[in-house]
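Peer 1: show me the folded form of this:
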Amino acid sequence: MSDHVALITGASGGLGRAVAARLAEAGWRLALVGRSAARLKSVAPAEALQIEADVSTHEGARAAFAQCAERFGTPVALVNCAGGTLIAPLLRTSESAYRACLSANLDTAFFSLAAFVEGLRSAQQPGAAVLVSSVVGHIGVANHEAISAAKAAVAGLVRGAAATYAASRIRVNAVSPGFMVTPATASLVASDAAREGFARQYPLGGIGTPEDVAQAIAWLLSPAAARITGQVVPVDGGFTAVRPLVR
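Peer 2: Residues are numbered from 1 along each chain as shown. The predicted model follows:
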């Protein structure tokens, strides 16, 4: 798979780093996209192409893919890890915070996917994209209204795009992680009590890691998942499907 190129957005975040490491192990050539060149440089493998761009806009997404195509050729895989979270109830969410949440999570997915599909269709190549939804897009969790709306919309985007571009041999799926410990969320589980509280919510126990999700993403991009499209795959320890036995 050494001639295959994968483009990862949000590559300097916890999940983006894990996905880059997993795909590099599998032999992919990587184009890593982030809004901060300095952060990308600090985490990116030396052989990876580093692209500073804001993919929450049409222009930014197209520019990122153009740079990748010029250097490595048309990417045949996309992983949109760009995003963020917002934990606040509806009545305490400002308009600016709401719009920033949708921009980081939904707009990045929409415009990255649009640029990716445009490039594949122009090159007449098949490809596969994996977006990132969340358990909060599928089940009600208190104080997550804005991020729930954004991540539920990502799931809808996956299904619509998968239907539209299946005839072009472009597969579109998503993963739906539960809580993961990343640099952005580490403060939420800084104490033993907090970690235990999170762990009790998951039927399989424990707290997920970005590496867990990266494994699922790598599989969805692989030939082993050639018949999978339009799916949102939970990687959540049973959170959305199984009620935990509370002792």
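
Peer 1: check what pLDDT the closest residue to Asn105 other than its chain neighbours gets.
Peer 2: Leaving out its chain neighbours, the residue that sits closest to Asn105 by Cβ to Cβ, 6 or more residues apart in numbering is Ala150, at 3.9 Å. Where C-beta positions appear, they are placed from N, C-alpha and C, glycine not excepted. Ala150 carries a pLDDT score of 98 in this model.

Peer 1: just give me the neighbour total for Ala150.
Peer 2: Neighbour count of Ala150, defined by other Cβ atoms under 10 Å: 28.

Peer 1: same check, this time on Phe198
Peer 2: 18.

Peer 1: was I right about it contacting Ala190?
Peer 2: No - with contact defined as Cβ atoms under 8 Å, Phe198 does not count as touching Ala190 (11.4 Å).

Peer 1: from Pro75, how far out is Arg121?
Peer 2: 13 Å (Cβ to Cβ, to the nearest Å).

Peer 1: what mean pLDDT does stretch 231-247 get?
Peer 2: The model assigns stretch 231-247 a mean pLDDT of 87.

Peer 1: run me through the strand neighbours of the longest strand seen in the chain, direction for each.
Peer 2: When the chain is parsed with DSSP state E, its longest strand is strand 170-177. Each strand that pairs with strand 170-177, with its direction, by DSSP bridges: strand 127-132 (parallel), strand 232-235 (parallel).

Peer 1: show me the contact partners of the first one.
Peer 2: Contacts of strand 127-132 with the rest of the structure, by Cβ atoms under 8 Å, 6 or more residues apart in numbering, involve 15, 75-81, 83, 109, 113, 116-117, 120, 154, 157-158, 161, 169-175, 177, 213, 217, 220-221, 225.

Peer 1: next SSE downstream of that strand?
Peer 2: Counting by DSSP states H and E, the next helix or strand C-terminal to strand 127-132 is helix 145-165.

Peer 1: thinking again about what came up before, neighbour count: Arg121 and Pro75, which is higher?
Peer 2: The residue with more neighbours, out of Arg121 and Pro75, is Pro75; 28 against 13, by other Cβ under 10 Å.

Peer 1: let me see the contact set for that one.
Peer 2: Residues near Pro75 by Cβ under 8 Å, 6+ apart: 5-7, 31, 65, 68-69, 116, 119, 127.

Peer 1: check which helix or strand covers it.
Peer 2: Using DSSP H and E, Pro75 falls outside every helix and strand.

Peer 1: buried sites along the lowest-mean-pLDDT helix or strand in the chain?
Peer 2: Here the helix or strand of the chain ranked lowest by mean pLDDT, DSSP states H and E is helix 192-200, holding a mean of 85. Using 16 or more other Cβ atoms under 10 Å as the test for burial, helix 192-200 gives 198-199.

Peer 1: who touches it?
Peer 2: Under Cβ under 8 Å, 6+ apart, the answer for helix 192-200 is 179, 188-189, 205-207, 244, 246.

Peer 1: neighbouring strands for the helix or strand harbouring Leu7, and are they parallel or not?
Peer 2: Element membership for Leu7, per DSSP H and E: strand 5-9. Using DSSP bridges, the strands paired with strand 5-9 are strand 29-34 (parallel), strand 77-80 (parallel).

Peer 1: contacts for stretch 49-62, please.
Peer 2: Residues outside stretch 49-62 that contact it (Cβ under 8 Å, 6+ apart) are 9, 30-37, 40-41, 44, 63-64, 67-68, 71-72, 80, 82, 103-104, 107-108, 111-112, 114-115, 118.

Peer 1: for the nearest residue to Ser42 once chain neighbours are set aside, give me its contacts.
Peer 2: With sequence-adjacent residues excluded and distances taken as Cβ to Cβ, 6+ apart, Ser42 is closest to Ser12, at 7.5 Å. Counting by Cβ under 8 Å, 6+ apart, Ser12 touches 32, 34, 36, 39-40, 42-44.
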